[in-house]
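Asker: I'd like to go over a predicted model; first the sequence, then the structure.
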Amino acid sequence: MQIKVNTKKPYNVQVLQDFSFQPNKDFNSLLILTDDVVAKLYLEKVYSLYEGKNIVVKIIKHGEESKSTQNYMEVLSLLLNSGFTRNDAILALGGGVVGDLAGFVASTYMRGIKYFQMPTTLLSQIDSSVGGKTAVNLDGVKNAVGTFYQPTEVYINTSFLKTLQKKEFENGYGELAKYAFLTGKKFTKDVTTQTIAEAIKYKISVVEADEYDRGRRTLLNLGHTVGHAIEALSDFDIPHGVCVYKGISAIIDISAKLYDFEKQKTERLKNYLSAFGIDDDLVFDKKSILQKIKSDKKAINDGINLVTVYDMGDCRIENISFSRLGELL
């Protein structure tokens, strides 16, 4: 399946079940950026896809801490010292951390070079590999420094999911739950190629309408405002997708108070969320969460644009003051 993304710089997303595709080789040299877990499983295979090309490999430690300014500078130096020019490219082979870091490097090296996404986790396949958001974390703030920079091509290979550990599936379920509440489609833990395609198509439709996140694209932050706060307070020990899941749970409670839901409606929404089987107990106090939210990118003056849940398939963007949010948390 091939899906066209009609952004300012158009590109294709290929959704496949194996390695039966011909990757774009319109470059001289290629940097494969991956992490230490993925490298052991797939680096040799992916390396062979680019036989005949000059290939440089950079392996980073897996985990959110690797999405750092230090790694960003190290990859830039590697490109420069390896003689990479604007005719060369980067391949992101990994999950969201690798993809975000590779994209940010590609967007800034020589004022922009090609980069390809080859996502290996459920979270990155249904969300972060598409849309062009790149970033690194700074001083404990998630995605504090980044750019909008679309990839040259995205290769989603669902066979990568066969080697995912349970915790990585849970990480992806958080983003899958987000798409369920946004679209009204009741996705399940039984993820198929069609599930991935449906999630990606929805995200593409939103990105095409609001590429630079000035309006409708804010909807894709459902669960992220509270989720990012939890993630930061845990020193990134809790996976991003699980934090998004916890954030959605909190947003349902906030929405129930904001819109004065009947008890049955709140329970219905919570029951659907709980079907993904992730513990959603908030482990941090409200004051600490609110303090972290105040440094969120969506903060405006004394408030924030918060994505709420009115019902399945009916999510809304509400500008809420921090004082009011403190009452609703």
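Answerer: Here it is on my side, so go on.
Asker: Need the outlier residue of this structure, farthest from its centre.
Answerer: Each residue of the chain has a distance to the centre, and by C-alpha atoms, centre = their mean the biggest one is for Glu262: 32.7 Å.
Asker: Against Ala256, how distant is that one?
Answerer: 9 Å (C-beta to C-beta, to the nearest Å). No exception for glycine: its C-beta is placed from N, CA and C like everyone else's.
Asker: ok, now Asn24?
Answerer: To Ala256, Asn24 is 47 Å away according to C-beta to C-beta.
Asker: With neighbour numbers in mind, choose between these two.
Answerer: Taking Asn24 and Ala256 together and counting by other C-beta atoms under 10 Å, Ala256 has the greater number of neighbours (20 against 15).
Asker: and the end-to-end length of stretch 25-32?
Answerer: 13 Å (C-alpha to C-alpha, to the nearest Å).
Asker: Going by neighbour count, which residues in that stretch are buried?
Answerer: Phe27, Ser29, Leu30, Leu31, Ile32 (16 or more other C-beta atoms under 10 Å).
Asker: and the last one, what does it touch?
Answerer: In this case it means Ile32. Ile32 is in contact with Leu43, Val46, Tyr47, Ile55, Val56, Val57, Lys58, Ile90, Leu91, Leu93, counting by C-beta atoms under 8 Å, 6 or more residues apart in numbering.
Asker: helix, strand or coil for the third one?
Answerer: The three-state label for Tyr47, taken from DSSP: H, G, I helix; E, B strand; the rest coil, comes out as helix.
Asker: So which residue is smack in the middle of the protein?
Answerer: Residue closest to the chain centre, computed by C-alpha atoms, centre = their mean, is Ser128 at 3.1 Å.
Asker: Not counting sequence-adjacent ones, nearest residue to it?
Answerer: Gly96 (4.0 Å; C-beta to C-beta, 6 or more residues apart in numbering).
Asker: Quick check: which ranges of the protein have low pLDDT?
Answerer: In the predicted model of the chain, residues 280, 282 satisfy pLDDT under 70.
Asker: Please report the residue range of the longest helix in it.
Answerer: The longest helix of the chain (DSSP state H) is helix 240-259.
Asker: What is that one packed up against?
Answerer: Judged by 3 or more C-beta pairs under 8 Å, 6 or more residues apart in numbering; DSSP states H and E, helix 240-259 is in contact with helix 166-183, helix 224-233, helix 263-274, strand 303-311, helix 322-328.
Asker: Columns mean neighbour count and distance to Asn137 on top of those, output as a markdown table?
Answerer: Shown next, in a markdown table, are those (neighbours: other C-beta atoms under 10 Å; distance: least, C-beta to C-beta, whole Å):
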| stretch | mean neighbour count | distance to Asn137 |
| --- | --- | --- |
| helix 166-183 | 22 | 17 |
| helix 224-233 | 25 | 9 |
| helix 263-274 | 15 | 27 |
| strand 303-311 | 20 | 19 |
| helix 322-328 | 16 | 22 |
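Asker: Relative to Phe104, which of the ones you listed is closest?
Answerer: helix 224-233 (17.3 Å; C-beta to C-beta).
Asker: which helices and strands does the closest one pack with?
Answerer: Here helix 224-233 touches strand 141-148, helix 240-259, helix 286-293, strand 303-311, going by 3+ C-beta pairs under 8 Å, 6+ apart.
Asker: between it and helix 240-259, how big is the angle?
Answerer: Calculated by axes from the mean of the first three to the mean of the last three C-alpha atoms, to 10 degrees, helix 224-233 forms an angle of 130 degrees with helix 240-259.
Asker: Wait, Ser29 touches Arg86, no?
Answerer: No - counting by C-beta atoms under 8 Å, Ser29 stays clear of Arg86, with 11.3 Å between them.
Asker: who touches the residue nearest to Gln17 when sequence neighbours are not counted in this structure?
Answerer: With C-beta to C-beta, 6+ apart as the criterion, Gln17 has its nearest non-adjacent residue at 5.1 Å, and that residue is Thr158. Residues in contact with Thr158, defined by C-beta under 8 Å, 6+ apart, are Val15, Leu16, Gln17, Gln125, Thr193, Ile196.
Asker: which of the residues you listed sit farthest apart?
Answerer: Gln17 and Gln125 (11.9 Å).
Asker: can I assume Asp237 sits in a strand?
Answerer: No - looking at Asp237 with three-state DSSP, it is coil, so not inside a strand.
Asker: separation between it and Glu65?
Answerer: 10 Å.
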